[in-house]
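Student: coords below, sequence missing:
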């Protein structure tokens, strides 16, 4: 491998790192908020909310993310009503189209992850908290939320990592994140292996840091699973 070319490629790809992280962080934050609403709808016991959430999850988990991006970026612009609406400034911008697609997609997975965490809370602990006179809000803060977060964290961490990798699809709609810059460099140099190898290492480094952060968070949230020192 040409070390000079590798270094220049690394510097070029590194310049695209902020956009990649911004896409992933924004999509994950918005998708988590929407996923929480979906999880609450699934566990509400209200039929129309439950089935609406089920249908949403079925659609966005059952279709490829790339297709969803194309429909939002290319498909919606075909309708005059959309082009005349107040949403058009967002829907004509490839950045926001990518954010919307990523958000809607990850919300479907996150909603089920959160629902699984909520359903994992032992009913006996909730009943015991009620017997102690705790209010519903206090039960949620002290019992339901800590347990559900611990249970959902591993799966949620996987979804965050998947979303970081999914940002590579944003290059399809002209966004110059890491994969977009890599594709441009390949078109200029025709050195596919070197460029994509360095791009892959960048993604690997990002996800390695994420896995360590998630593992540390899980470690701090589960002190009761660790053997006492000196035991």
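Tutor: Sure thing, it's come through. None of the values given here were measured: they were computed from a predicted structure.
Student: what are the ranges of the helices in this protein?
Tutor: Ranges of helices within the chain are 3-15, 17-42, 47-62, 65-70, 80-83, 88-91, 94-119, 123-131, 136-139, 145-166, 178-189, 192-221, based on DSSP state H.
Student: what comes up buried for the fifth one?
Tutor: For helix 80-83, burial by neighbour count (16 or more other Cβ atoms under 10 Å) applies to no residue. Where C-beta positions appear, they are placed from N, C-alpha and C, glycine not excepted.
Student: List the contacts of that helix.
Tutor: Helix 80-83 is contacted from outside by 76, 77, 88, 91, 92, using Cβ atoms under 8 Å, 6 or more residues apart in numbering.
Student: switch the cut-off to 10 Å
Tutor: 75, 76, 77, 88, 91, 92 (Cβ atoms under 10 Å, 6 or more residues apart in numbering).
Student: what's the nearest residue to residue 59 once chain neighbours are set aside in contact with, if anything?
Tutor: If you skip the residues right next to it in sequence, residue 59 has residue 108 as its closest partner in space, 7.7 Å away by Cβ to Cβ, 6 or more residues apart in numbering. Residue 108 is in contact with 31, 34-35, 38, 53, 56-63, counting by Cβ under 10 Å, 6+ apart.
Student: how much space is there between residue 108 and residue 215?
Tutor: Separation of residue 108 from residue 215 (Cβ to Cβ, to the nearest Å): 25 Å.
Student: what do you get for residue 206?
Tutor: Applying Cβ to Cβ to residue 206 and residue 215 gives a distance of 15 Å.
Student: and residue 63, what are its phi and psi?
Tutor: phi -120, psi 150 (degrees, to the nearest 10).
Student: Would you mind confirming that it is in contact with residue 105?
Tutor: Yes - counting by Cβ atoms under 10 Å, residue 63 does reach residue 105; the two are 8.9 Å apart.
Student: So these two - more neighbours on which side?
Tutor: residue 105 (23 against 13; other Cβ atoms under 10 Å).
Student: No further queries at this time; thank you.
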